[in-house]
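Novice: could you work out the structure for the sequence below:
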Amino acid sequence: MNSKKEKISPVSLVQPNKVTNARYDYTAVQENVLTCMIEAIQKHMTREKPIDTDLFGHPTIRINASEIAKGKNKYHVLQQLRELRKKDIDFEYTNEKGQTEDVTTGLISSFRNIRDTEFIDVEISTWAIPYLLYWGKGVGGTIFSKSIAVTLKSVYAKRLYKLCKRWEDRGGFPIDLSEFRKMLNLEDKLKRPSDLKRRVLDPAQTQLKKHADVYFEYSFEKVKSRSYNTIHFKILSQKFGRKSDNTDEWWRFVYLFLCRTYPNYKNDKAQRITDQLAEDHSQLRKVYHRFMQLDDELTKGKKSAEDIIKLTKTILKQDFEIKL
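Specialist: So this is what the prediction gives:
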């Protein structure tokens, strides 16, 4: 493989698990904008396509209103962007000196309607970029399909799709019912499990079965409680006739994982190592699964970001004979 521009799938994205599990109240259109932002930033990181900038050098994406809001007019999308601009996100960030910073920002800073077209230019808040890409302690990556995420109609289907993709390799996951409500901003809504089943879970399950590469089955459980307090999700895959070769997905995950150890703003070492590993299909698959294990340990807090960097270098040198 000489060029990753030829190998990377344009719809395979990685979203930090901290974003996947975050509590936020976005609409379906706003969730699609989030997905488009992640796509643009990651294409920039992998050098597939430089991100556009506006007159003042700020990162900008151009969205197609008819693509992210099928069946809705452009005015509706503009209203959704207006509301999204006012919503804050809060997160921790470790700077280059090792200091922890508490950051408050929004996802977007401004947007500009291009009249008589379906296009809108959206300025990404500069400080939203670390939130959308940062993998540190307790943060792993969720690989998902952009085209599927945008196609799903309801915001609950979109959120559950990304949750399923996060846990796909594990076959399922349990989640505390109160935590699930908090994640979807439903603490004061749909308080009975039957309401949650009717309004959220069953419709999302139907959409995923019809349109996604994964879907879920679920059950309410009583864990050390007289009432239902846990949902157990079982995740099932469906390939829709796709090829079994996951090289594009493996390459992207390995590259973004290596960017923790070799930041791409310093040099192109992460890309060069990934390219070298990708010369052997079985080797790329092996390193992908090794890094998935490390990613899982990082997500669960069993390893620190510093541990991951040391282990990554050791694995590359000893197991794959990569000269660092």
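Novice: just the element for residue 48, please.
Specialist: Using DSSP states H and E, residue 48 sits within no helix or strand.
Novice: what count of nearby residues applies to it?
Specialist: Residue 48: 17 surrounding residues under other C-beta atoms under 10 Å. All C-beta atoms are positioned from the backbone trio N, CA, C, and that covers glycine.
Novice: tell me the first helix or strand C-terminal of the helix-or-strand element of the chain with minimal mean pLDDT.
Specialist: The weakest-scoring helix or strand in the chain, judged by mean pLDDT, DSSP states H and E, is helix 4-7 (a mean of 35). Where DSSP H and E defines the elements, the next helix or strand beyond helix 4-7 is strand 12-16.
Novice: surely residue 217 is within a strand?
Specialist: Yes: with DSSP: H, G, I helix; E, B strand; the rest coil as the criterion, residue 217 is located in a strand.
Novice: quick one: residues contacting it.
Specialist: By C-beta atoms under 8 Å, 6 or more residues apart in numbering, the contact set of residue 217 is 205, 233-234, 236.
Novice: from those residues, which land in strands?
Specialist: Counting by DSSP state E, the part of these found in strands is 233-234, 236.
Novice: write a ChimeraX command that selects only the buried members of those residues.
Specialist: To isolate the buried ones among these in ChimeraX, judged by 16 or more other C-beta atoms under 10 Å, type:
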select :233
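Novice: reformat the contacts of residue 217 as TSV; add distance to residue 21.
Specialist: Listed next are these as TSV, based on distance: C-beta to C-beta, whole Å:
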residue	distance to residue 21
205	20
233	13
234	19
236	21
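Novice: quick one: the strands in the stretch 151-300 of the chain?
Specialist: 172-176, 214-221, 230-237 (DSSP state E, counting those that start in this stretch).
Novice: swap in the stretch 1-150 of the chain?
Specialist: Along the stretch 1-150 of the chain, counting by DSSP E, counting those that start in this stretch, strands occupy 12-16, 52-53, 59-64, 88-94, 100-106, 108-113, 119-124, 141-145.
Novice: make TSV from these and add distance to residue 214 and mean neighbour count to it.
Specialist: TSV is the format used below for the strands of the stretch 1-150 of the chain (distance: least, C-beta to C-beta, whole Å; neighbours: other C-beta atoms under 10 Å):
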stretch	distance to residue 214	mean neighbour count
strand 12-16	14	22
strand 52-53	32	13
strand 59-64	26	18
strand 88-94	26	14
strand 100-106	31	12
strand 108-113	29	17
strand 119-124	28	19
strand 141-145	9	23
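Novice: right, and the ones you listed - which one's nearest residue 307?
Specialist: strand 88-94 (14.3 Å; C-beta to C-beta).
Novice: okay, the angle between that closest one and strand 100-106?
Specialist: 150 degrees (axes from the mean of the first three to the mean of the last three C-alpha atoms, to 10 degrees).
Novice: just checking, what packs against strand 88-94?
Specialist: Judged by 3 or more C-beta pairs under 8 Å, 6 or more residues apart in numbering; DSSP states H and E, the packing partners of strand 88-94 are strand 100-106, helix 128-133.
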